[in-house]
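**Q** no sequence for this one, just the structure:
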């Protein structure tokens, strides 16, 4: 197939298309959380899942009429194991090889569901209600990535502050092992610590997705016994979430089917492309972090270590391009990738950090199709 020729045509007609992956549906009927879940699954996809602040703002901007509050798809799973997450959406926690201080985490004195860091970059746990210095991260400020805020706040209030003033609480192994962070933590003495974006909970999404995004109101206590509780969004509180008994009746929000699908058949890149174009629209294109997060959720269910995407290398032009007309702007390459080479296409890891890798076209993997032009 003459991909170099196709690319020349594409360059002359380039346009950036903003995509919406799914739709929210507001149901102004009073139902318990379980009844609402059943309704959404029968008529749409599931109760609303919210993956980041962009989702949250979109949910708020289309709120229905006089609805004051509504169930979403988050519920506290009784007797579940607490799972560690990062506050910053899209950063996944890996249980192995984390730099915990000796004998940490330890739940000293009761449940401790939030993370701290000492100036030697070792980690520990602390009660989320304890007021402490905290560490914000800023991905839009090239001169200063980290901000140590010495005005003590509890974890939820600290998270809100960081999201309003910067990007989020510092999150992820890459951030918390950054040498610039040592300089920022230098005002602390050896036994003083700072809150980070690390937290753990037993809350789960109805559709089974593992999104770590939380938008609780400032009074929420993650360490109280929440069994039998479900989450609702409160529109006159900026959409912040409140926990409530799941047997209460309230309006609710569903979401519609996503615009992409995982095909669990092993095919070469070109065969995968042909299959998508014959049965759906095209191999999937990723043009935003929001889309990356949703697609990597789908990729987790693949039976191969990688899934093909619609990303291809044009050997004669020395360019990577999406075969569906979008610009290669948002990128998530693994470290050292891509080293340009002929007969290569882009595939996403189905485990770990879901990084992109360049792999020979002849390899056979599962793949993800887009259902329509996005």
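**A** Yep, it's here. Quick caveat: nothing in here was measured; it's all calculated off a predicted structure. Numbering: from 1, shown residues only.

**Q** Looks like residue 169 contacts residue 134 (just checking).
**A** Yes - with contact defined as CB atoms under 8 Å, residue 169 and residue 134 form a contacting pair (6.6 Å). For every residue, glycine as well, the C-beta is placed using N, CA and C.

**Q** got the contact list for residue 129?
**A** 154-155, 221, 223 (CB atoms under 8 Å, 6 or more residues apart in numbering).

**Q** and if you look at residue 222?
**A** Applying CB under 8 Å, 6+ apart, the residues near residue 222 are 113-114, 128, 155-156, 199, 201, 216.

**Q** related to what we said a few turns ago, please enumerate the shared neighbours of residue 169 and residue 134.
**A** Common neighbours of residue 169 and residue 134 (CB under 8 Å, 6+ apart) are 158, 162, 195-196.

**Q** out of those, which one sits closest to residue 260?
**A** Taking CB to CB as the measure, residue 260 lies nearest residue 162 of these, at 31.4 Å.

**Q** Can you tell me, leaving aside adjacent residues, what's nearest to that closest one?
**A** Spatial nearest neighbour of residue 162, excluding adjacent residues (CB to CB, 6 or more residues apart in numbering): residue 136 at 3.9 Å.

**Q** so which helix or strand takes in that neighbour?
**A** Assigned by DSSP states H and E, residue 136 belongs to strand 132-137.

**Q** Which elements pack onto that strand?
**A** strand 146-153, helix 155-165, strand 168-169, strand 193-201 (3 or more CB pairs under 8 Å, 6 or more residues apart in numbering; DSSP states H and E).

**Q** Of those, give the one that comes closest to residue 332.
**A** Nearest of the helices and strands packed on strand 132-137 (CB to CB): strand 168-169, 18.0 Å.

**Q** one step back: ok, so of the contacts of residue 222, who is nearest residue 312?
**A** Closest to residue 312, out of all of those and judged by CB to CB, is residue 199, at 39.3 Å.

**Q** Against residue 115, how distant is that closest one?
**A** 7 Å (CB to CB, to the nearest Å).

**Q** any low-confidence regions in the chain?
**A** 1-21, 62-65, 141-142, 257-258, 327, 372-374 (pLDDT under 70).

**Q** For it, just list every one of the helices.
**A** For the chain, helices defined by DSSP state H occupy the ranges 3-12, 33-43, 53-61, 155-165, 173-176, 179-184, 269-279, 289-299.

**Q** May I see the buried residues of the last one?
**A** Across helix 289-299, burial judged by 16 or more other CB atoms under 10 Å covers 290-299.

**Q** returning to that earlier point: in this structure the residue nearest to residue 162 contacts residue 149, no?
**A** Yes - using CB under 8 Å, residue 136 is in contact with residue 149, at 6.1 Å.
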